[in-house]
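[1] what's the 3D shape of this:
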Amino acid sequence: MMKNSTYLIILLALGLVFVSYKWVTSATSPDDAPVQKSTIEDIMTRTSVRAYSGKEVSGEQLDTLLRAAMAAPTAGNKQPWRFVVINEKNILKAIGENFQTMTMATDASAAVIMCGDTTATFKGQAQAYWVQDVSAASENLLLAAHAIGLGAVWCGIYPQMDRVEQFSKMLNLPSEILPMACICIGYPAGETTPKDKWEPENIHYNTWDSNTSRQPE
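    Okay, the predicted model is just below:
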């Protein structure tokens, strides 16, 4: 019995060594950068999706999108972003029927209203940094949606104050919470093709009147 136990321990130890070896050898080095390639691909292939199938987005998927949004950069680490998740069909329908640029909300599985808390950021002129912070969170959410096979579209609210007032009333937002964007989310209904937005003439190096073709060496 003792002899069999010894053999079993040796076999388990050898198995552990083998698994550890495979894990180490299969781990990629920073030079391989497969994650970076995937990230760049997601950025280049993401596009606004305005037509959705009837398949529902899960709570776990929405959680992933919100976690990605909150991983965005934020001025002074203030994190003034706030999120209102809409998954009730009557509210999605109301958004689609009341805003001409958001008709796709009617068929969306969910929407996230990207908001900023104006009391949770800087004072004075720097208060407006909340817009940059919530914008960064919005882009993170869009990329995360694309990365997990969902489609999404960013619909602007702020700074059109009539839209801000309508959304604030619809969602019972406190006065310090400003809705910046409505991101509709769902499974794409068909193939989507990203636009090619690469315009080298929009690039300037060092000063505005520099030669755009003179790239850094």
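[2] and the longest strand belonging to the chain, which strands flank it?
    Secondary structure of the chain read by DSSP state E shows that its longest strand is strand 177-186. Using DSSP bridges, the strands paired with strand 177-186 are strand 110-117 (antiparallel), strand 151-156 (antiparallel).
[3] save the ones you listed as JSON lines, and put in mean pLDDT and distance to Tyr52 too.
    Any C-beta I mention is one placed from the backbone N, CA and C, and that applies to glycine too. Output for these, formatted as JSON lines (pLDDT from 0 to 100; distance: least, Cβ to Cβ, whole Å):
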{"stretch": "strand 110-117", "mean pLDDT": "98", "distance to Tyr52": "10"}
{"stretch": "strand 151-156", "mean pLDDT": "98", "distance to Tyr52": "6"}
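[4] just name the most buried of the ones you listed.
    Highest mean neighbour count of these: strand 110-117, a mean of 24 (counted as mean count of other Cβ atoms under 10 Å).
[5] follow-up on the earlier one: any idea of the mean pLDDT for the longest strand of the chain?
    The average pLDDT for strand 177-186 rounds to 98.
[6] centre of the chain versus it, how much separation?
    With Cα atoms, centre = their mean, to the nearest Å as the basis, strand 177-186 stands 12 Å off its chain's centre.
[7] check Ile148 and give its pLDDT.
    If you check Ile148, the pLDDT there is 97.
[8] OK, contacts around Gly151?
    Val49, Ala51, Tyr52, Ala145, Ile185, Gly186, Tyr187, Pro188, Thr192 (Cβ atoms under 8 Å, 6 or more residues apart in numbering).
[9] for beta bridges, what are the partners of it?
    With DSSP bridges applied, the residues forming beta bridges to Gly151 are Gly186.
[10] distance of it from Ser135?
    Going from Gly151 to Ser135 by Cβ to Cβ, to the nearest Å gives 20 Å.
[11] try Lys195
    Noted for Lys195: a distance of 19 Å to Ser135, by Cβ to Cβ.
[12] show me which of these two is the more surrounded one.
    Between Lys195 and Ser135, counted using other Cβ atoms under 10 Å, the more crowded position is Ser135 (17 against 7).
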